[in-house]
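Asker: Got a predicted model here, sequence first, then my questions.
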Amino acid sequence: MKSIKILERLLIAVPIMLAVAVLVFLFMRMTPGDPIDLMMGSGGNVSEAEVTALTKEFNLDKPLHVQLGIFLKDIATGDFGESFTQREPVTGIIKKALPATVELAFGAAFFALIFAIPIGVYSAVKQNSVMDRASMAFSFLGISMPAFWFAIILIIVFGVKLQWLPITGRLDYGVQLEHITGFYLVDSIVTGNWAAFKNAASHLILPSVALGMQLLSILARVSRSSMLEVLRQDYVMLARAKGLREFTVIVKHAMRNALIPTVTVLGIQVGVLLGGNMIVETVFGWPGLGRLAVDAIFNRDFPLIQAVVMFYALTFIVANLVVDVLYTYINPKISL
């Protein structure tokens, strides 16, 4: 039954992705700027014949509805076209940039989780204590700070002033690493290259903190609120009345139900981490999808932008589906 429900959810995603494809196609054609002009540059050495040839090559000479039909027909076969600027298949470009984005997203999520849940649970258990008020004030600060501003502060303090951590890229120049999966931490472990692992981890710290701080603050507040609600439930009071240790009551009885809203927020925010990291990747020179999308927007690289946006949309759909499935394991009473 569960597999049927999952299949139904996946089928519902098809018209959503179709709508996203049509919208991003139309919006890109509505934006000012001619991609051919940007490709050829502002010099006067470009002939009219060259411009005409490129326009025809990329089907930009055809009516809008014909271009849309070609685009939808191609993506139905898994062909997202060729990048205007890089002259490579879009799928290959995304495949090369995706590991960097995923690695950064998981780094940010890991940073947020290891601090957010303990802070949220402790604040709920010690409600109205000095620690509770301090942690909630910290969470307000984390939510209100723009990611780009926090990223610049981290660069100035830990990269420029203290010089503890690198501030750009994924590896220092000259560090050798055999590329297997594209995930530098994984590749360095698989190959036993611990020097590369240390170097890649040091590059990951500042972007992960900058990207994960807002998620940490949100999860801490959600964990605290849901934990406070659960601690007032009868079954928690009954567990305490039985004489169970407070640690057992909190971890075994209260946290399991309190995690349901936290998992919801985490699932949505993971989609944000994967799809909304353009500014952080640009600030840190991180070669992921976010930076790729920013460059593609400035260059009016229609095929690349369309493919990246559709990937972001698919990420949110899959993240929400995973969250719903996790519900059924955290609380078996909940069904898809």
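Answerer: Looks like it arrived, so ask away.

Asker: contacts and neighbour counts: CA atoms only from here.
Answerer: OK.

Asker: Would you mind pulling the contact partners of the helix or strand of the chain with the lowest mean pLDDT?
Answerer: Sorted by mean pLDDT, DSSP states H and E, the helices and strands of the chain end with helix 35-40, the least confident at a mean of 72. By CA atoms under 8 Å, 6 or more residues apart in numbering, the residues outside helix 35-40 that reach it are Val46, Val51, Leu54, Thr55, Phe84, Thr85, Asn299, Arg300, Asp301.

Asker: With stretch 142-158 instead?
Answerer: 163-165, 167, 206-207, 210-211, 213-218, 279-280, 283-284.

Asker: Out of these, which sit inside strands?
Answerer: Counting by DSSP state E, the contacts of stretch 142-158 place none of their members in strands.

Asker: about what we covered before: now for the next helix or strand along the chain from the least confident helix or strand of the chain, which elements pack on it?
Answerer: Of the helices and strands lying after helix 35-40 in sequence (DSSP states H and E), the nearest is helix 48-57. The helices and strands touching helix 48-57, judged by 3 or more CA pairs under 8 Å, 6 or more residues apart in numbering; DSSP states H and E, are helix 35-40.

Asker: Setting the sequence-adjacent residues aside, check what's closest to Val249.
Answerer: Nearest non-adjacent residue to Val249, counting by CA to CA, 6 or more residues apart in numbering: Ala239, 6.4 Å away.

Asker: from what I can see that neighbour touches Ile250, true?
Answerer: No: if you go by CA atoms under 8 Å, Ala239 and Ile250 don't touch, sitting 9.7 Å apart.

Asker: Restricting to C-alpha, output stretch 75-90 in PDB.
Answerer: What follows is stretch 75-90 as a C-alpha-only set of coordinates in PDB (Å, rounded to 0.1, in the frame of the first residue of the first chain):
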ATOM      1  CA  ILE A  75      13.100  17.100 -22.300                       C
ATOM      2  CA  ALA A  76      10.600  14.300 -22.700                       C
ATOM      3  CA  THR A  77      13.500  12.300 -24.100                       C
ATOM      4  CA  GLY A  78      15.900  13.500 -21.400                       C
ATOM      5  CA  ASP A  79      17.700  16.000 -23.600                       C
ATOM      6  CA  PHE A  80      17.900  19.500 -22.100                       C
ATOM      7  CA  GLY A  81      19.900  20.900 -24.900                       C
ATOM      8  CA  GLU A  82      23.400  22.400 -25.200                       C
ATOM      9  CA  SER A  83      24.600  25.400 -23.200                       C
ATOM     10  CA  PHE A  84      24.800  28.500 -25.300                       C
ATOM     11  CA  THR A  85      28.100  29.700 -23.600                       C
ATOM     12  CA  GLN A  86      29.900  26.500 -22.700                       C
ATOM     13  CA  ARG A  87      28.800  24.600 -25.800                       C
ATOM     14  CA  GLU A  88      28.400  21.300 -23.900                       C
ATOM     15  CA  PRO A  89      25.300  19.200 -23.100                       C
ATOM     16  CA  VAL A  90      23.500  20.800 -20.100                       C
END
